[in-house]
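Visitor: With the input below, show me the fold.
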Amino acid sequence: MTKLLEYQSKELFKREGLNVCPGRTAASSKEAEQIASEIGCPVVIKGQAFITSRAKAGAIKFAETPQEAGEKAAEILSLTIKGQRIEKVLVEKKLALKKEYYAGIVVNDALRSPMLVFSSMGGSGIEELAAEHPDKVILQPIDILEGLQEYEARNTLIRLGIEGEEIQPLAGLLVKLYNTARRYEARSAEINPVGLSEDGKFYAVDGRVVIDDNAVFRHPELGIEIAREMDHPPTRLDRVAYKVEANDYRGTFYFMQLETEMSGPGYVGFHGAGGGGSMMGMDALMRAGFKVANFCDTSGNPPASKIYRAVKIILSQPNIEGYFHSGSGVASQEQYHLARGMVKAFRELNLSLPAVIRFGGNSEEEAINIVREYTKDLPAPIEVYGRSTSVDYCAGRLKELIHAQKTDVSKRGEQDVQL
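Guide: Take a look at the predicted model:
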């Protein structure tokens, strides 16, 4: 699922006729001050990032004057939250709200249909609201062929006790929200809160849209760079890896950096083969006390050339202390393709980081022999195992190899000082 930022989501809302607060994005304090001057104060300044609870993180601030807006924008633009640097802020007119609601269109996989989620209580945490106040939240399946009809939206609102002049415009908002989700093939489209202003209009005060990855190619107008679910803007390595996969459909190469700013010890580059085997390998690393720098899965019998590119990308991550590969143990893909791709990458890099590799599948013995034979002259300590060796043992061995290498470097440093 591909997440859009708040300002991008609101652009889609506007195209469908939903009311959004006047404003636009700024990348500097000067721009923010200019926007605040144009739209009039007070304003709200919101950092644009793939995080929740932005207010608690200091990424949402209010300003009474353009100068204050510039100052608050500078504060937000200096933030790095959960590894994400805030690069843009959305400067909007602050609205006086009488009421707040929650509205969402979410694909329900169990029902195989979209679902309208509406709460008469706005605010963050719709899951918590549903658990604590089930009478305030309603879930309404939508017929994908018929779409959300206005009378259905009205009936939903009436069931929640909403009455009078609010029903018609609020029902219209829900229909437009559904149309937005349908038009752009969204997995979810949420407005939180839906705000009723003092002038009697409903606004999408905040909102997010998540596009189905498989639909992204049909919507070039969205300008989505990487069609994958990420909680951060794509990194340079994310972009490189996505281009490899986009231009080579032989097998699967899925790569994503999990940590964008790695500081401190304990990070390792991870390489899996098969979804289940990858999860098993990552769990073993975390049980061993490691921090996993990336997720990578090469499965579906990719050629050695694709494996080579995957390994080079994994090892390009800064500050990692080792490389770990673990397959599922029952893979039907030929393991010698993996081995040849790894060897080429290792030799080009003259690998010096400790590496532990666990093959599992067709021709695994041949793969083990290839790696052992053609990497024994490299400076790195490299160990290779088959499916009969547990993944936890392999993760433990990587920990021991890294520790031994650090100890050796430390001892050599002491000797140099003595000399």
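Visitor: roughly how far is the lowest-mean-pLDDT helix or strand in the chain from the heart of the chain?
Guide: Of all helical and strand segments in the chain, the minimum by mean pLDDT, DSSP states H and E falls on helix 126-132, at a mean of 72. Taking CA atoms, centre = their mean, to the nearest Å, the mean C-alpha location of helix 126-132 is offset from the chain mean by 24 Å.
Visitor: Identify all contacting residues around the following helix or strand past that helix.
Guide: Downstream of helix 126-132, the next assigned helix or strand under DSSP states H and E is strand 137-141. Residues outside strand 137-141 that contact it (CB atoms under 8 Å, 6 or more residues apart in numbering) are 102, 108, 111, 113-121, 126, 129-130, 152, 156, 159-160. For the C-beta atoms, the positions are set from N, CA and C on the backbone; glycine is no exception.
Visitor: So which of these are in helices?
Guide: Judged by DSSP state H, the subset of the contacts of strand 137-141 located in helices is 126, 129-130, 152, 156, 159.
Visitor: Please give me every residue in contact with Arg309.
Guide: Neighbours of Arg309 in contact, by CB under 8 Å, 6+ apart: 241, 244, 253, 341.
Visitor: That one: helix or strand, and which one exactly?
Guide: If you go by DSSP H and E, Arg309 is part of helix 304-315.
Visitor: just checking, next helix/strand downstream of that helix?
Guide: Remark: after helix 304-315, the chain's next helix or strand is strand 323-327, criterion DSSP H and E.
Visitor: so Gly361 sits right up against Tyr336, yeah?
Guide: No: when contacts are counted by CB atoms under 8 Å, Gly361 is not listed as touching Tyr336 (10.1 Å).
Visitor: what's next to stretch 6-19, contact-wise?
Guide: Counting by CB under 8 Å, 6+ apart, residues outside stretch 6-19 touching it are 4, 20, 24-25, 46, 48, 88, 90, 173, 176-177, 179-180, 183-184, 189, 191, 201-204, 206-209, 222.
Visitor: Pull out the buried residues from those residues.
Guide: 4, 20, 25, 46, 48, 88, 90, 173, 176-177, 179-180, 184, 189, 191, 202-204, 206-209, 222 (16 or more other CB atoms under 10 Å).
Visitor: Show me those that map onto helices.
Guide: Reading helices off the buried ones among the contacts of stretch 6-19 with DSSP H, I get 173, 176-177, 179-180.
Visitor: could I get those residues as a markdown table with distance to Ala59 and pLDDT?
Guide: Formatted as a markdown table, those follow (distance: CB to CB, whole Å; pLDDT from 0 to 100):
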| residue | distance to Ala59 | pLDDT |
| --- | --- | --- |
| Leu173 | 26 | 97 |
| Lys176 | 28 | 98 |
| Leu177 | 25 | 98 |
| Asn179 | 30 | 97 |
| Thr180 | 25 | 98 |
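Visitor: which of Gly361 and Tyr336 has more neighbours?
Guide: Between Gly361 and Tyr336, Gly361 has the larger neighbour count (other CB atoms under 10 Å), namely 23 against 20.
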